[in-house]
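Undergrad: Predicted coordinates and the sequence they were generated for:
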Number of protein chains: 2
Amino acid sequence: MDMRGIAKIAGVSSATVSRVINGSSAVRPATAKRVQQVIEELQFFPNSNATTLKQGKSGVYGLIIPDITNPFFPEVIRGFERILVDNDREMFMATTEFHPSRIQQSVRRMLIRKVDGVALLASEIETGPIESLIHNRVPLVTMDRRQTGSGLSDVLVDTTRGMTSAIAHLRSLGHRKIGFIGGSLGRSISDHRFQAFATAMQENGMAVKPDFVRVGNYRVPGGERAMRELLSLKNRPTALLAANDLTAIGALRAIRESGLSVPNDFSVIGCDDIDLCDLLWPPLTTLRTARDELAGLFFKALEGAKADPHAPGSQFAIEPYLVVRNSTGPARAASAKA
Amino acid sequence: MDMRGIAKIAGVSSATVSRVINGSSAVRPATAKRVQQVIEELQFFPNSNATTLKQGKSGVYGLIIPDITNPFFPEVIRGFERILVDNDREMFMATTEFHPSRIQQSVRRMLIRKVDGVALLASEIETGPIESLIHNRVPLVTMDRRQTGSGLSDVLVDTTRGMTSAIAHLRSLGHRKIGFIGGSLGRSISDHRFQAFATAMQENGMAVKPDFVRVGNYRVPGGERAMRELLSLKNRPTALLAANDLTAIGALRAIRESGLSVPNDFSVIGCDDIDLCDLLWPPLTTLRTARDELAGLFFKALEGAKADPHAPGSQFAIEPYLVVRNSTGPARAASAKA
DNA sequence: GTGAAAGCGCTAACAA
DNA sequence: TTGTTAGCGCTTTCAC
């Protein structure tokens, strides 16, 4: 069934059906009602492929995320989808699972679907796919790439201040030997987080001990592995800051495994504040990044770019803040002075 | 840029460009290569809206889920997306957040996009949207609705046996007073889970005490609330089976809050086995539902319906099994005999 | 092996 | 206020 079919039954032309569906005021109410009736009767839905083809724009925004299994992202997805639904737009989501080929594929899907913009959260991102998007003039927002351009906006997750208060918190508890477990090396977000950590240490008058800095993978096993390394050190840290909560949870597991307890023997701080943090035992002290705010900024950036595709993108920022729970406590006297 | 543009540059017709893109063997290799070069040079992506419009099918399967914040679903999404990517299809996901209006909207989106099939996991589902899909001849798979029809398949999550072994497990630990916290009342899955619980109790020679049966909402707060009710009973249960893991986790919280400890004072069993179960303390004993298998069956059902749209749908089944961890332990002597 | 052309379902400019 | 029509980008006969 198509508009012509509806038109025939309602005794009008397909143009009128189109007008009714799009709420044009230039249709006599009686006609509109008649058409509406037929539409409902037959449960007609206009084919969006035809509409998009005709209009050149789809009303769909893409969202590309690395790992739907990290609870941080579902919460972003939810926020983003809510905003889009509220604004009569749609969301098209794709997951990369950290594979470059999946990133390529995801971008490709966005491109062929003619989405009106893409929020790209894949943290470890090659520039290739991004250029692909830009080349095709698809408005783009990234997270924490700290680069903007024509049609390219960015939302900075500025952890420096948050980490400074996190370190201050640990310091006030007597910790002097503080470790860090980051994400994969050499990519933007991971580097930024480590940079923020280094700055935060410095602000607190402490030096980063290279041995105390390890690499994870943003997931639980990575954190667990890295923490085991840290614990096997002769001279080991008494507290840890992790690049995200899953990493911190992995660390928690490694610590428990080794027979130590948190926060008595060791303090741990994560990043993100996924819901899970408050469900664990001990509840995790962490730097909260507001997901809804994040989703809101993505939307704002994309809408802005849509309004004026030639305008330069904007740099937005969001500032995580410390949420103290029970995974941090006083440094043990013995460890503290070692 | 469109195929005609590519065609002009490559000195061929748009038909040939189409053939090259679709890998037709009826193009002279030299020509194909030339065209391919232009395509890559210009980073051309064919407009899928035109393709779908022309072909009448999109190569996209829809996935509608209630709550992306429940880790069970991201894991299903991941499995489903993987299968689709491997099979050169795409996924279009929508979330309902348990709102009937969002279900409507989600179904509508699937319909206008001309998806080739929908996996509908919204547990508490009205028949309206389902009929809408069926009426529009969109192949459909549901989860645990236990109804099939033309183009309508179902994947039964058969918890009866699993629950029977769960209850047997509790029984062997000395528990005689076993409670149950379900999902919302009056809808299919919740009813089935409760039914399975009742059967499992009977199989183990025990009676269901109505007072011990409470209603949650498949989320943590619902489980917490229901558990508080259970704990406030003068004569209370010593063990609990929850309709899903989030409910069980809520129960865990309520128990801890009340000063009791798990598994010493109370035993808890969940359903699903989300990754989280193993991350909690104590790790949750639960009935595991294999997400990848589930996703695989959705795909199978949809592909089957696509192959022959007039064939009756199939009833698939999946059987959760008990995973024993540390949230279950011996009933305390005092409680056990009360 | 390649091209011309019709048409998928819709919208919008123009005509009536 | 309503209808006619061209055309969005693609695929696919059919002709050459």
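TA: Yep, that arrived.
Undergrad: so where's chain A uncertain?
TA: A:123-125, A:185-190, A:333-338 (pLDDT under 70).
Undergrad: Swap in 80 and give it another go.
TA: Applying pLDDT under 80 to chain A flags residues A:123-126, A:184-190, A:307-309, A:333-338.
Undergrad: check contacts around A:Pro74.
TA: Taking CB atoms under 8 Å, 6 or more residues apart in numbering or on different chains as the contact definition, A:Pro74 lies against A:68, B:68-69, B:71, B:73-74. Bear in mind the C-beta positions are built from the backbone N, C-alpha and C, glycine included.
Undergrad: Pull the most distant pair out of those residues.
TA: Maximum pairwise distance among the contacts of A:Pro74 (CB to CB): 11.5 Å, between A:Ile68 and B:Thr69.
Undergrad: More neighbours: those two, which one.
TA: A:Ile68 (25 against 18; other CB atoms under 10 Å in any protein chain shown).
Undergrad: Any figure for the gap between the closest residue to the more buried one other than its chain neighbours and A:Arg253?
TA: Distances taken as CB to CB, 6 or more residues apart in numbering or on different chains place B:Pro74 nearest to A:Ile68, at 4.3 Å, with adjacent residues excluded. As for B:Pro74, its distance to A:Arg253 is 21 Å (criterion: CB to CB, to the nearest Å).
Undergrad: Next, the residue nearest to A:Ile68: secondary structure please.
TA: Here B:Pro74 is helix, with the state taken from DSSP: H, G, I helix; E, B strand; the rest coil.
Undergrad: so A:Cys271 bridges to which residues?
TA: Beta-bridge partners for A:Cys271, by DSSP bridges, are A:Leu287.
Undergrad: I'd guessed it sits against A:Leu246; true?
TA: No. With contact defined as CB atoms under 8 Å, A:Cys271 does not count as touching A:Leu246 (9.7 Å).
Undergrad: Spell out the secondary structure type for A:Met268.
TA: One thing to correct before we go on: residue A:268 is Val, not Met. Quick answer, by three-state DSSP: A:Val268 is strand.
Undergrad: ok, for it, nearest residue in space, not its chain neighbours?
TA: Nearest to A:Val268 is A:Ser327, by CB to CB, 6+ apart, at 4.6 Å.
Undergrad: Ramachandran angles for the one you found?
TA: Main-chain torsions, A:Ser327, degrees, to the nearest 10: phi -90, psi 10.
Undergrad: so how far does stretch A:113-133 reach from one end to the other?
TA: Start-to-end span of stretch A:113-133 (CA to CA, to the nearest Å) is 12 Å.
Undergrad: Checking my notes, A:Leu133 in a strand, right?
TA: No. Using three-state DSSP, the secondary structure at A:Leu133 is helix, not a strand.
Undergrad: Find the nearest non-adjacent residue to it, please.
TA: A:Leu140 (5.1 Å).
Undergrad: Relative to A:Asp292, how far out is that neighbour?
TA: 21 Å.
Undergrad: So for those two, which sits in the more crowded spot?
TA: Neighbours per residue, other CB under 10 Å: of A:Leu140 and A:Asp292, the larger number sits with A:Leu140, 27 against 14.
Undergrad: Looks like that one contacts A:Ser150 (just checking).
TA: No. Counting by CB under 8 Å, A:Leu140 sits too far from A:Ser150 to count as a contact (10.1 Å).
Undergrad: returning to that earlier point: my read is that the residue nearest to A:Val268 contacts A:Ile249, right?
TA: No. Using CB under 8 Å, A:Ser327 and A:Ile249 do not qualify as a contacting pair, with a distance of 9.8 Å.
Undergrad: overlap in contacts of the two?
TA: A:270, A:284.
Undergrad: ok, which stretches of the stretch 201-338 of chain A are strands?
TA: A:213-215, A:239-242, A:267-272, A:285-288, A:315-318, A:321-323 (DSSP state E, counting those that start in this stretch).
Undergrad: For A:Val323, which non-adjacent residue is spatially closest?
TA: A:Arg288 (4.9 Å).
Undergrad: which ones are touching the one you found?
TA: Contacts for A:Arg288 were tallied using CB under 8 Å, 6+ apart; they are A:272-273, A:320-323.
Undergrad: Quick one, which of these are buried?
TA: Buried subset of these (neighbour count, 16 or more other CB atoms under 10 Å in any protein chain shown): A:272-273, A:320, A:322-323.
Undergrad: ok, so of those residues, who is nearest A:Ala198?
TA: Nearest to A:Ala198 among the buried ones among the contacts of A:Arg288, with distances taken as CB to CB, is A:Pro320, at 16.6 Å.
Undergrad: who are the neighbours in contact with that closest one?
TA: So A:Pro320 contacts A:157-159, A:162, A:271, A:273, A:287-289 (CB under 8 Å, 6+ apart).
Undergrad: can you list the domain ranges for chain A.
TA: As given by automatic domain parsing, the domain ranges for chain A are A:3-46, A:58-156+A:290-316, A:159-289.
Undergrad: Using JSON lines, please lay out the ones you listed together with distance to A:Ala331.
TA: Compiled in JSON lines, these are given as follows (distance: least, CB to CB, whole Å):
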{"stretch": "domain A:3-46", "distance to A:Ala331": "63"}
{"stretch": "domain A:58-156+A:290-316", "distance to A:Ala331": "29"}
{"stretch": "domain A:159-289", "distance to A:Ala331": "4"}
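Undergrad: Can you redo those as a markdown table, where the extra columns are distance to DNA strand C?
TA: Output for those, formatted as a markdown table (distance: least, CB to the nearest atom of the strand, whole Å):
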| stretch | distance to DNA strand C |
| --- | --- |
| domain A:3-46 | 3 |
| domain A:58-156+A:290-316 | 11 |
| domain A:159-289 | 39 |
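Undergrad: What is the neighbour count of A:Glu126?
TA: Counted with other CB under 10 Å, the neighbours of A:Glu126 add up to 12.
Undergrad: Quickly note the distance from it to A:Leu133.
TA: To A:Leu133, A:Glu126 is 12 Å away according to CB to CB.
Undergrad: What of A:Cys277?
TA: For A:Cys277, the distance to A:Leu133 (CB to CB) stands at 33 Å.
Undergrad: quick one, what contacts the residue nearest to A:Leu302 when sequence neighbours are not counted?
TA: Among residues not flanking A:Leu302 along the chain, A:Gly117 sits closest, at 3.8 Å (CB to CB, 6+ apart). For A:Gly117, the contact set (CB under 8 Å, 6+ apart) comprises A:61-62, A:138-141, A:302, A:305-306.
Undergrad: So A:Asp149 sits against A:Ser314, correct?
TA: Not Asp; residue A:149 is Gly. No. The pair A:Gly149 and A:Ser314 does not pass the contact test of CB under 8 Å, sitting 10.8 Å apart.
Undergrad: Next up, the contacts around A:Pro71.
TA: So A:Pro71 contacts A:245, A:274-276, B:69, B:71, B:74 (CB under 8 Å, 6+ apart).
Undergrad: Over to it: give its phi and psi.
TA: As for A:Pro71, its main-chain torsions (degrees, to the nearest 10) stand at phi -50, psi -20.
Undergrad: on that earlier part again, and which of the contacts of A:Gly117 is nearest to B:Arg171?
TA: Distances from B:Arg171 to those, taken by CB to CB, are shortest for A:Gly62, at 51.6 Å.
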